[in-house]
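Q: show me the folded form of this:
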Amino acid sequence: MLQLIFGLFLTLLATPALIWAAHHYGWLDHPDERKQHSGAIPVVGGLAMSFAIAVSAAWFLANADIFWGLLISVSIIVVVGFLDDRSSLSVQRRFFAQGVAALIMALFAGAQLTSLGDLFGFGTVALGVVAVPFTIFAVVGVANALNLSDGMDGLAGGLALISTVFVAAAAHFTGRVNTLMALLILGGALLGFLFFNMRLPWQRRARVFMGDSGSLMLGFLLAWAAIRVTQAEKNPLPPAAALWFFAIPLLDTVSLMLRRMLKGKSPFHPGRDHLHHILLRVGYTDSQVVLFIHLVAVVLGLVGFFGWRLGVPDFVLFYGFLAVFALYFYGVKHAWKLMRLIVPLRQPRAES
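A: Alright, predicted model coming up:
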């Protein structure tokens with residue numbers, strides 16, 4: 001638990017200093033047609049967490065063979081994310097940098113998908129020569145799924161923390177000690193960030209945002225850790241079970257991209273058509289939406305975790321996830337029809 005305390009303390013220490021720097025140097029996020037928050041908010045939460053994680057990892061993991069590969073790859077992501085927060089890089093540049101970072105991670109940080117388990121019920125799916133490309137695809141996919149979920153105070157940070165808890169539990173059971181230490185550091189950093197980002201009784205609005213530098217960094221680290229535990233030698237976590245640990249970001253992102261393409265739009269076209277946007281338009285408050293999505297994420301994560309621990313076959317977990325995706329896709333595509341069948345919470349929406 002010492003790693004968690006380090007991550008928490010350093011994030012609590014770094015965030016106020018970076019908030020001051022953000023106001024001084026203009027590292028602020030201003031409201032626009034897609035961003036409905038009030039006032040200019042510092043976008044330095046990702047930098048604060050990155051600082052805490054890097055310093056803590058240097059203390060606890062410097063002698064691990066995965067340290068330098070992980071540090072370099074995640075540093076690329078943080079820098080590119082910060083530049084994107086400042087000047088909106090093109091999609092091509094963002095994905096190129098993410099691909100390079102994921103390649104370094106796959107080759108030098110001990111995170112390479114070589115097997116997908118018995119995904120379809122016909123035996124183990126070994127990736128062979130496509131292991132590295134598939135790893136890059138998976139890492140970039142998870143990172144961007146979490147990045148796209150960053151749309152409300154506390155939402156992405158809470159989802160990342162939930163995923164961290166489940167992957168950390170898997171790291172414990174699979175004997176991945178270094179991975180578990182990294183996840184404890186990450187969990188502490190997230191708790192420190194959420195102290196400034198969540199809507200709390202003494203804090204009606206977020207005081208800081210994580211920005212792309214934070215959400216992409218979190219996604220990369222969680223993808224790295226998930227790959228490590230799914231490819232462990234001792235009692236590995238099935239990749240199909242790992243999908244449930246990231247269910248909400250994956251379901252929302254893939255569904256959103258498919259819906260946009262069916263409308264003839266680019267899957268990367270910006271918009272307000274995420275799950276949290278839909279729930280807000282129904283009339284729920286910001287806090288209710290965040291709490292609901294977090295609770296669903298916990299339930300889905302428990303399905304994957306206990307499915308693994310109880311020995312549910314990989315293909316059952318995988319086909320079950322696809323079934324949930326089909327229901328989710330239908331639900332958000334016909335959200336307004338379905339909402340007529342649901343009695344909304346009586347409390348009027350008074351937050352923004």
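
Q: for residue 41, grab phi and psi.
A: Residue 41 adopts backbone torsions of phi -110, psi 130, taken as degrees, to the nearest 10.

Q: against which helices or strands is the strand or helix carrying residue 12 packed?
A: Assigned by DSSP states H and E, residue 12 belongs to helix 2-25. Packing partners of helix 2-25 (3 or more C-beta pairs under 8 Å, 6 or more residues apart in numbering; DSSP states H and E): strand 41-42, helix 45-60, helix 177-197. Where C-beta positions appear, they are placed from N, C-alpha and C, glycine not excepted.

Q: now those as a markdown table including distance to residue 204 and mean pLDDT?
A: Converted to a markdown table, these look like this (distance: least, C-beta to C-beta, whole Å; pLDDT from 0 to 100):
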| stretch | distance to residue 204 | mean pLDDT |
| --- | --- | --- |
| strand 41-42 | 13 | 92 |
| helix 45-60 | 17 | 95 |
| helix 177-197 | 13 | 96 |
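
Q: ok, which of the ones you listed comes nearest residue 215?
A: With C-beta to C-beta, the closest approach to residue 215 among these belongs to helix 45-60: 7.0 Å.

Q: let's see that closest one as CSV, backbone CA atoms only.
A: C-alpha atoms of helix 45-60 as CSV (Å, rounded to 0.1, in the frame of the first residue of the first chain):
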residue,chain,number,x,y,z
GLY,A,45,-4.6,17.0,-13.9
GLY,A,46,-2.9,14.7,-16.3
LEU,A,47,0.5,16.4,-15.7
ALA,A,48,0.1,16.1,-12.0
MET,A,49,-0.7,12.4,-12.1
SER,A,50,2.1,11.8,-14.6
PHE,A,51,4.6,13.5,-12.3
ALA,A,52,3.4,11.5,-9.3
ILE,A,53,3.5,8.2,-11.2
ALA,A,54,6.9,8.9,-12.7
VAL,A,55,8.5,9.8,-9.4
SER,A,56,6.9,6.9,-7.6
ALA,A,57,7.8,4.4,-10.3
ALA,A,58,11.4,5.6,-10.2
TRP,A,59,11.4,4.9,-6.5
PHE,A,60,9.7,1.5,-6.5
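
Q: could you report the pLDDT at residue 331?
A: On pLDDT, residue 331 comes in at 81.

Q: just say helix, strand or coil for residue 113.
A: coil (DSSP: H, G, I helix; E, B strand; the rest coil).

Q: what about the residue nearest to it when sequence neighbours are not counted, distance to residue 141?
A: In space, and not counting its chain neighbours, residue 113 is closest to residue 135: 4.6 Å by C-beta to C-beta, 6 or more residues apart in numbering. To residue 141, residue 135 is 11 Å away according to C-beta to C-beta, to the nearest Å.

Q: compare these two (neighbour count), which wins?
A: residue 135 (24 against 19; other C-beta atoms under 10 Å).

Q: let me know the secondary structure of that one.
A: helix.

Q: contacting residues for the nearest residue in space to residue 161 that is not next to it in sequence?
A: Counting by C-beta to C-beta, 6+ apart, residue 190 is the residue found nearest to residue 161 once chain neighbours are left out, at 4.6 Å. Residues in contact with residue 190 (C-beta atoms under 8 Å, 6 or more residues apart in numbering) are 7, 49, 157, 160-161, 164, 218.
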